[in-house]
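> any chance you can model this:
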Amino acid sequence: MNPTAFQPISRPSLALLGSEPWRAAFEFVQHKIARKAPTRSGDGHPVIIFPGLATDGGAVAPLRDHCAALGYSAMDWGRGFNTGPQGDIDSWLAELAEHVSALLAGYSQRATLIGWSLGGIYARELGKLLAPQVRQVITIGTPFNATGDHTHVGWLYRLLSGAPAEMDPVLAGRLRTPPPLPTTSIYSRADGVVAWQSCCHAAPGGQVRDIEVRGSHIGMGWNPEVLRVVEGLLRTGSRTGA
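Residues are numbered from 1 along each chain as shown. All right, here's what the predicted structure looks like:
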């Protein structure tokens, strides 16, 4: 059953938002304490990781390093600081798709696209544009199923991009539609930045699924539970993708 059924979507409480830095720091300590050399069982396929709004490759370094240690060819998106889409969104995504396609040009295997927060929107849309080159999409704390501004980062998006953080109904429907390939959303009900309900598919099943973890939004890139889930998804995807 869809966990969002019959539940109105609203922004996370200010208490959850205010505790984000402390919870993320605690998760980072947990990551450091629990960290051990993983079994290098990956098949070497490319994994591209898209950072969240107002972050860059450094913010997803723990996740990237974890994927690399597992035996995958992990990299971040290679475009520096994520300030959000600029100008016409279709043109911007088409240019990003060309960039990602160039990153994948030297690989014979299809890629896994992983996106954290806003980066997950990019991963989903690129999964549609580059489907023949992609085996699966994984999003982490990504509000793709929003009908409005159900986050606490709308002001930041306006500051960085100069565009309003309003949700056009047509665009909302488009973002809600998953790519035509295995797609997984990792979310937390304790997310203090985005409404957890907006990170869940309206009709999970088939190639689409949602996986709940415990943790903050800011700390999802190094949350031990998230890393374990990603590890399992990469292993499963390696069996089915070529």
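> okay, CA-based contacts and neighbour counts for the rest of this
OK.
> which residues in this structure form helices?
Along the chain, the stretches classed as helices by DSSP state H are 14-34, 61-69, 89-103, 118-129, 154-161, 169-176, 224-240.
> tilt between the second one and helix 224-240?
Regarding helix 61-69 and helix 224-240, their directions subtend 40 degrees when assessed with axes from the mean of the first three to the mean of the last three CA atoms, to 10 degrees.
> can you spell out which helices and strands pack onto helix 61-69?
Counting contacts by 3 or more CA pairs under 8 Å, 6 or more residues apart in numbering; DSSP states H and E, helix 61-69 is packed against strand 73-76, helix 224-240.
> can you give the distance of the longest one from its chain's centre?
In this case it means helix 224-240. Remark: helix 224-240 is offset 14 Å from the chain centroid, using CA atoms, centre = their mean, to the nearest Å.
> again, but for the first one
Between the centre of strand 73-76 and the centre of its chain there are 14 Å (CA atoms, centre = their mean).
> just the C-alpha atoms of it, please, in PDB.
Below are the C-alpha coordinates for strand 73-76, written out as PDB (Å, rounded to 0.1, in the frame of the first residue of the first chain):
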ATOM      1  CA  SER A  73      33.400   3.300 -11.600                       C
ATOM      2  CA  ALA A  74      31.900   6.100  -9.500                       C
ATOM      3  CA  MET A  75      32.000   9.800 -10.300                       C
ATOM      4  CA  ASP A  76      30.000  12.900  -9.500                       C
END
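> pull the residues that contact it.
44-51, 57, 60, 64-65, 67-68 (CA atoms under 8 Å, 6 or more residues apart in numbering).
> quick one: mean pLDDT for that strand?
Mean per-residue pLDDT for strand 73-76: 96.
> name every strand pairing with that strand and say which way it goes.
strand 46-50 (parallel) (DSSP bridges).
> just name the most buried of the helices of the chain.
helix 118-129 (a mean of 24; mean count of other CA atoms under 10 Å).
> who are the packing partners of that helix?
Packed against helix 118-129 by the contact rule (3+ CA pairs under 8 Å, 6+ apart) you find strand 46-50, helix 89-103, strand 111-116, strand 134-140, helix 169-176.
> okay, the ones you listed in CSV with mean pLDDT and distance to residue 217 next?
What follows is the helices and strands packed on helix 118-129, written out as CSV (pLDDT from 0 to 100; distance: least, CA to CA, whole Å):
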stretch, mean pLDDT, distance to residue 217
strand 46-50, 98, 15
helix 89-103, 95, 25
strand 111-116, 98, 9
strand 134-140, 98, 9
helix 169-176, 81, 20
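> may I see these organised as a markdown table, with distance to residue 77 added?
Shown next, in a markdown table, are the helices and strands packed on helix 118-129 (distance: least, CA to CA, whole Å):
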| stretch | distance to residue 77 |
| --- | --- |
| strand 46-50 | 5 |
| helix 89-103 | 7 |
| strand 111-116 | 10 |
| strand 134-140 | 14 |
| helix 169-176 | 20 |
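> can you tell me which of those is nearest to residue 9?
helix 169-176 (14.4 Å; CA to CA).
> can I get that closest one in PDB, CA atoms only?
Listed next in PDB are the C-alpha coordinates belonging to helix 169-176 (Å, rounded to 0.1, in the frame of the first residue of the first chain):
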ATOM      1  CA  PRO A 169       0.900  21.400 -12.800                       C
ATOM      2  CA  VAL A 170       2.200  20.100 -16.200                       C
ATOM      3  CA  LEU A 171       5.800  20.000 -14.900                       C
ATOM      4  CA  ALA A 172       4.600  18.400 -11.700                       C
ATOM      5  CA  GLY A 173       3.000  15.600 -13.600                       C
ATOM      6  CA  ARG A 174       6.100  15.100 -15.700                       C
ATOM      7  CA  LEU A 175       8.400  14.900 -12.700                       C
ATOM      8  CA  ARG A 176       6.000  12.400 -11.000                       C
END
